[in-house]
Every structure is written in C-alpha cells, then in structure tokens.
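Asker: Return atomic coordinates for the entry below.
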Amino acid sequence: MDNNPIANILQSPELRKRILFVIIALAVYRVAAVVPIPGINAEAISSFFNQHQGGMLGFLDIFSGGALGRFSVLALGIMPYINASIIMGLVKGAHIFPALEKLSKEGEYGRRKENQITRVFGLALALLQGFGLTVAITKMSAPGGIAIVLDPSWTFIFTTTLTLAAGTMFIMWLGEQITEKGIGNGISLIIFAGIVDRLPSAVYKLVDLVRNEEIQLLTALVILALVVAIMGLVVWVETAQRQIPVQYAKRMVGNKMYGGQTSYLPLKIDQSGVIAVIFSMAVLSMPLTVAQFMPNAPWAAWIMDWMGRGHITYMLLYVALIIFFCYFYNSMTFNPKDMAENMKKWGGFIPGIRPGEPTQKYIEWVMNRITLSGALFVAAIAVLPDFLRIKFNVPFYFGGTALLIVVGVALDTVSQIQAHLIQHNYAPLIKGRGIKGRWFNVGE
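Answerer: Numbering: from 1, shown residues only. Got it, this is the predicted structure:
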C-alpha cells in the first residue's frame with residue numbers, strides 16, 4: 001500500500017465511485033437547502049434569525065446547514081426521522097410491542113420491515129412538526145413588525161406543511177443512498193455537511209471581532225487553541241479502547257493442534273460515537289423549538305426560563321440525556337451474553353474469570369464503567385462552550401456539540417475508507433494472486 005492516501009484512493013475504482021457519489025449527494029443536499037419556500041419574506045426571516053442567533057433557533061439552524069434560517073424546503077431537516085428512530089428504539093427496548101422484537105430477530109427481512117415502519121412514523125412526525133412550524137411562523141414577525149409570511153392563508157399552511165415533510169423524506173432517502181452506495185453513515189454525513197458549511201462564517205465572525213477590536217488578538221488565539229485541544233481530546237477518546245485479554249485453550253482438530261494463543265477483546269470507550277449527541281440534541285430541541293415559536297404562551301415562557309440554552313437546567317438535562325443515550329445505544333448494539341457464549345464455544349476465556357455467565361457479568365461490568373467515563377467526557381465537551389460563553393463571554397460560534405459531530409463523523413468515515421483500501425489491496429491475495437502479480441499455490 002502506498003504511503004500517499006490520495007494515491008491509494010485513486011487506485012481503487014470502487015472507492016473512487018463511492019466517494020464521488022457522496023460528493024454529488026452532499027452537493028445536491030446543499031443546493032436543496034437554499035431553495036426557499038414560496039410566500040416567505042427572505043429579508044424578514046433573515047433578520048428574525050439574526051436576532052435569535054444565540055438561542056435555540058440559531059443552534060438548530062447550524063445543524064440544518066442554514067436551511068431553517070432561510071426557511072427553505074429542507075427547514076425541518078432530518079430531526080423528525082431521528083425522533084422516530086429514538087421512539088422506535090425505546091418502544092422496542094421497553095418490550096411494549098412483541099411484534100417489533102420478532103422483526104429484529106428475522107434477519108435482513110426483519111430489518112427492512114423495521115426500517116419501513118420507522119420511515120412511516122418519521123413521515124407522520126414530519127407532517128405534525130411541519131404543521132406546527134408553519135402555523136408558528138405565520139404568527140411571527142421580524143424586528144420592526146415586518147411580517148415573515150406574505151399571505152398566511154390555509155392554502156399556504158397546507159402546501160408548506162407538505163413541502164416541509166417532503167423535504168425531510170428527501171433527506172432521509174438521500175442519507176440511505178449515501179449509506180448504501182457511498183462511504184460512511186449517510187444521515188451523519190448530511191448533518192456533518194450542514195455544520196461544516198457554517199464553519200467559514202464562524203471563523204469570519206471571529207476575525208471580524210478582532211479587526212474591530214471587540215476582542216483582543218490573544219483572546220482569539222486562546223479560543224482557537226481551545227478548539228484544537230478539544231478536537232484532539234475528541235479524537236483521543238473516540239479511538240481509545242479497553243482491551244480485555246482472552247486466552248484460547250489448546251484443542252485438537254483432526255491431526256492438528258489449535259489454540260493456545262492470547263488475543264484481546266477491544267471495547268471502545270465511547271461506543272455510541274456521535275449517535276448519543278445527535279439523539280440528545282433531537283429530544284431537547286423539540287420543546288425548546290415549540291417554545292421559541294410561541295413565546296406568548298405561559299408554558300412556553302416557563303420552558304424558556306428554565307430550559308433556555310446556557311441555563312443550568314438545560315446543561316444538566318443535556319448531560320443526563322447524553323449519558324442515557326450512551327447506555328441506551330450500548331444496550332441496543334452490544335450483547336455481552338453472545339460474546340461470552342461465542343468465547344466459550346471457541347475455547348476462549350478471560351484469565352481469572354470462569355467461562356459462561358461470570359464472563360458475561362465481567363464484560364458488562366467493564367462496559368458499564370468505560371461507558372460512564374466516555375459519556376461524561378462527551379457531555380463535558382458538549383456543554384463546555386455554552387458554559388464559557390455564559391460565564392466568561394467567550395465568543396464561541398462553533399460549539400462543542402458541533403465539534404463532537406464533525407470529528408466523530410470524520411473519524412468514522414476515515415475508518416471506513418481505510419477498511420475499503422485494505423479490502424482493495426488484499427483482494428488479489430484472496431483470488432490467489434500475489435502482491436506483485438505472482439501466482440502462488442496454497443501449499444507454497
């Protein structure tokens with residue numbers, strides 16, 4: 001394999017095709033994100049979101065890649081589908097509907113049916129949230145009393161609701177196509193693209209503050225150094241593993257002796273990656289978004305007072321949700337019982353731990369400990385910029401949640417590219433061809 005990663009990618013036709021597909025799909029997404037919904041005063045909606053830039057609406061606008069701030073056809077983003085996935089996972093984990101549990105055990109067919117149910121549920125949520133968002137925006141106005149909606153009729157509400165729901169389903173379909181035909185997780189890459197799109201403007205704002213002498217150059221350098229340090233810590237934690245030693249006993253198979261070797265069972269510190277952060281953000285954004293669009297309601301004022309972004313209640317709830325979803329994701333994807341049974345089946349055991357149920361309990365104990373440490377780290381990174389912004393007036397425009405998602409998605413995508421490169425370089429060996437084209441026999 002060449003030391004130049006770009007050259008390695010160019011040597012793999014399949015990998016080139018996959019990466020090109022991802023680039024084209026993300027370009028289509030970015031173009032669709034700027035297509036406005038008819039009947040919206042573009043200057044008024046821009047002024048309104050500039051006024052709420054530091055609040056939850058500005059926070060959600062970052063993750064929609066600016067689509068919410070323009071009130072484009074993709075203004076709802078992928079959040080309804082993510083919320084549907086969360087609810088489906090909770091329902092299945094709580095054993096409320098036995099039929100869903102049966103589907104999860106039916107292999108590929110069950111997975112397709114479960115995805116289909118999630119899509120339909122996501123469409124229902126998109127219609128509901130789209131209707132609420134459309135009704136709310138007809139009652140809003142920009143600074144100076146300028147109406148955002150030119151003609152707030154029921155025809156506008158109906159067509160806009162359908163358009164927003166269709167936009168969410170388009171993003172969902174595009175994400176599935178990226179996952180299937182491209183590289184990486186499609187939904188995560190779409191969120192990644194929306195965040196990265198705002199990065200140049202965040203850097204420009206910081207430079208503009210320095211140019212206008214609103215902050216000192218030393219402060220700006222400290223902010224950049226802190227961002228780089230956070231990125232380094234995220235990379236370190238996302239790649240960190242706890243390796244449990246596994247010893248395999250010697251056994252005879254025919255006339256040959258197998259086993260007698262020591263290997264390791266790698267357990268990631270942050271098993272959920274960015275999924276827990278995205279899920280927490282989706283759950284927390286629902287009541288806050290509704291409250292932002294209905295500020296005159298008494299319950300909305302209570303939510304904004306106690307759960308506003310940067311408030312201690314918001315931070316504590318955000319931390320609790322991240323920890324919960326880290327454990328929830330592990331319970332859905334990590335099965336210590338199967339690991340213990342497979343280890344016992346192949347003659348493996350953890351030194352000092354009896355095979356079977358004691359091994360299962362030991363793996364669960366280790367996983368719970370490292371998951372807690374990983375979840376606390378992720379939660380701390382997610383709320384640190386908000387804390388610094390509130391307490392020390394540090395002008396962060398690219399928060400910890402955004403950094404976690406960007407770095408996590410980038411690491412996952414790079415690892416999948418490396419896996420494809422390894423498969424490409426070892427494919428000739430599997431087919432019986434040497435590295436330099438020399439044929440060889442199995443017994444050679």
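Asker: May I have the residues that are in contact with residue 226?
Answerer: Contacts for residue 226 (C-beta atoms under 8 Å, 6 or more residues apart in numbering) come out as none. The C-beta positions use only the backbone N, C-alpha and C, and glycine is treated the same way.
Asker: swap in residue 420?
Answerer: So residue 420 contacts 12, 14-15, 18, 183 (C-beta under 8 Å, 6+ apart).
Asker: same thing with residue 141?
Answerer: 44, 48, 147-148.
Asker: in what helix or strand does residue 15 lie?
Answerer: If you go by DSSP states H and E, residue 15 is part of helix 13-32.
Asker: roughly how far out does that helix sit from the chain middle?
Answerer: Relative to the chain's own centre, helix 13-32 is displaced by 19 Å; criterion: C-alpha atoms, centre = their mean, to the nearest Å.
Asker: helix or strand right after it?
Answerer: Next along from helix 13-32, by DSSP H and E: helix 42-51.
Asker: just the helices in the stretch 101-250 of the chain please.
Answerer: 107-138, 154-181, 186-211, 217-239 (DSSP state H, counting those that start in this stretch).
Asker: if we can go back for a sec, is it possible to mark the buried ones in the contacts of residue 420?
Answerer: 12, 15, 18, 183 (16 or more other C-beta atoms under 10 Å).
Asker: Quick check, the last one in contact with residue 417.
Answerer: Right, residue 183. Yes: contact criterion C-beta atoms under 8 Å: residue 183 and residue 417 qualify, at 5.9 Å.
Asker: Give me the common contacts of those two.
Answerer: In contact with both residue 183 and residue 417: 15, 19, using C-beta under 8 Å, 6+ apart.
Asker: quick one: buried residues of the single longest helix found in the chain?
Answerer: Assignment by DSSP state H gives helix 357-392 as the longest helix of the chain. By 16+ other C-beta under 10 Å, the buried positions in helix 357-392 come out as 359-360, 362-364, 366-367, 370-371, 374-375, 377-379, 381-389.
Asker: quick check: angle from that helix to helix 217-239?
Answerer: On the basis of axes from the mean of the first three to the mean of the last three C-alpha atoms, to 10 degrees, helix 357-392 is oriented at 170 degrees to helix 217-239.
Asker: Helix 357-392 packs against which elements?
Answerer: Secondary-structure packing of helix 357-392 (3 or more C-beta pairs under 8 Å, 6 or more residues apart in numbering; DSSP states H and E): helix 217-239, strand 241-248, strand 262-268, helix 275-293, helix 312-333, helix 336-345, helix 400-430.
Asker: Switch those over to JSON lines; also include distance to residue 123 and mean pLDDT.
Answerer: Output for the helices and strands packed on helix 357-392, formatted as JSON lines (distance: least, C-beta to C-beta, whole Å; pLDDT from 0 to 100):
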{"stretch": "helix 217-239", "distance to residue 123": "33", "mean pLDDT": "82"}
{"stretch": "strand 241-248", "distance to residue 123": "39", "mean pLDDT": "86"}
{"stretch": "strand 262-268", "distance to residue 123": "33", "mean pLDDT": "85"}
{"stretch": "helix 275-293", "distance to residue 123": "16", "mean pLDDT": "75"}
{"stretch": "helix 312-333", "distance to residue 123": "23", "mean pLDDT": "86"}
{"stretch": "helix 336-345", "distance to residue 123": "34", "mean pLDDT": "84"}
{"stretch": "helix 400-430", "distance to residue 123": "25", "mean pLDDT": "75"}
